[in-house]
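[1] Sequence unavailable; structure follows:
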């Protein structure tokens, strides 16, 4: 019976140590994440969403520019210019 109690105590100790280690890991992850977010905020780095919005705006403006160039060419009696290849990443 003493060995069962010893094993139970050891198992409880290991379980407690594992829980404590996981708690420390979560605290470290939170601290690192907070520091990285603050660093990125201080560096004024664009977010993924901001970059995607700008990419969409550039693509839209490129299409509009092609349409306007074709219209100007038509109004001037010339053949429309060759279309500009799309921006990489689209």
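    Perfect, thanks for sending it. Note that the coordinates shown come from a computational prediction; the quantities given were computed from them, not determined experimentally.

[2] So residue 45 versus residue 59, what's the distance?
    According to C-beta to C-beta, to the nearest Å, residue 45 stands 22 Å off from residue 59. Placement of C-beta: from N, CA and C, glycine included.

[3] Could you check which of those two has the larger neighbour count?
    residue 59 (14 against 10; other C-beta atoms under 10 Å).

[4] Can you classify the more buried one by secondary structure?
    Classification of residue 59 using DSSP: H, G, I helix; E, B strand; the rest coil returns helix.

[5] Wait, it touches residue 86, no?
    Yes - between residue 59 and residue 86 there is a contact under C-beta atoms under 8 Å: 7.2 Å.

[6] At the geometric centre of this protein, which residue do we find?
    residue 48 (5.0 Å; C-alpha atoms, centre = their mean).

[7] Next one: it from residue 57, what distance?
    Applying C-beta to C-beta, the value for residue 48 to residue 57 is 15 Å.

[8] Over to residue 31?
    Taking C-beta to C-beta, one finds residue 31 at 37 Å from residue 57.

[9] What is the distance between stretch 73-83 and the centre of its chain?
    Offset of stretch 73-83 from its chain centre (C-alpha atoms, centre = their mean, to the nearest Å): 41 Å.

[10] gap between the two ends of that stretch?
    13 Å (C-alpha to C-alpha, to the nearest Å).

[11] Show me what counts as buried in that stretch.
    Buried residues in stretch 73-83, counting neighbours by 16 or more other C-beta atoms under 10 Å, are absent.

[12] and if you look at stretch 13-26?
    Applying 16+ other C-beta under 10 Å to stretch 13-26 flags no residue as buried.

[13] same thing with stretch 24-34?
    In stretch 24-34, counting by 16+ other C-beta under 10 Å, buried: nothing.

[14] what is the rounded mean pLDDT of it?
    Computed over stretch 24-34, the mean pLDDT rounds to 94.

[15] Please name every helix or strand in contact with the helix ranked longest in the chain.
    For the chain, the longest helix by residue count, based on DSSP state H, is helix 2-43. The contact analysis (3 or more C-beta pairs under 8 Å, 6 or more residues apart in numbering; DSSP states H and E) places helix 2-43 against no helix or strand.
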